[in-house]
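Visitor: can you look at this prediction? I've put the sequence above it.
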Amino acid sequence: MTGTACPCGSGLAYASCCEPLHDGRAAATTAEQLMRSRYSAYARGRTDHVFRTWHPRTRPADVEPAPGLVWTGLTVLDTEAGGPDDTEGVVEFEASYVTSEGPDVLHERSRFVRRAGRWVYLDAEAP
């Protein structure tokens, strides 16, 4: 399974892309890298990573996805700040998924902040 492509769309193998972030062996250096790792975590059922990387002030009690939801692709549309030296950043993306009702797309502008030196997801704003 470690030789499989990462769901985040980077073109890298999961083992060298998002898996180290999911396992806590590495931390995201940019807001985009964290957003990609969170998408990948949802796609691979690693909701522990989603929970850990959500700001405690805005994090819900349950981060489990809807039953039967399958994530099928990610496209990053835009980034604002969120680099290695920034304290805030925004990543706009489209995440494709399929449910029992058929295919759909989540379009979101996610806001990220640094907390104790690490990137965390804060909330989403309308695109």
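Guide: Structure received.
Visitor: next, the nearest residue in space to residue 99 that is not next to it in sequence: phi, psi?
Guide: Closest residue to residue 99 apart from its sequence neighbours, by CB to CB, 6 or more residues apart in numbering: residue 69 at 5.3 Å. Backbone N, C-alpha and C define where each C-beta goes, glycine included. The phi/psi pair for residue 69 (degrees, to the nearest 10) reads phi -80, psi 130.
Visitor: run a quick check on residue 69 versus residue 95, I expect a contact.
Guide: No - counting by CB atoms under 8 Å, residue 69 stays clear of residue 95, with 10.7 Å between them.
Visitor: just to revisit the earlier point, tell me who's in contact with the residue nearest to residue 99.
Guide: With contacts defined as CB atoms under 8 Å, 6 or more residues apart in numbering, residue 69 is in contact with 97-99.
Visitor: which residues in this structure form helices?
Guide: All helices of the chain, identified by DSSP state H, fall at 19-22, 31-44, 47-52.
Visitor: nearest residue to residue 51 other than its sequence neighbours?
Guide: Residue 51's closest residue in space is residue 63 (CB to CB, 6+ apart), at 5.0 Å.
Visitor: one step back: so which of the helices of the chain comes closest to residue 5?
Guide: Shortest distance between residue 5 and the helices of the chain, using CB to CB, is found for helix 31-44: 10.4 Å.
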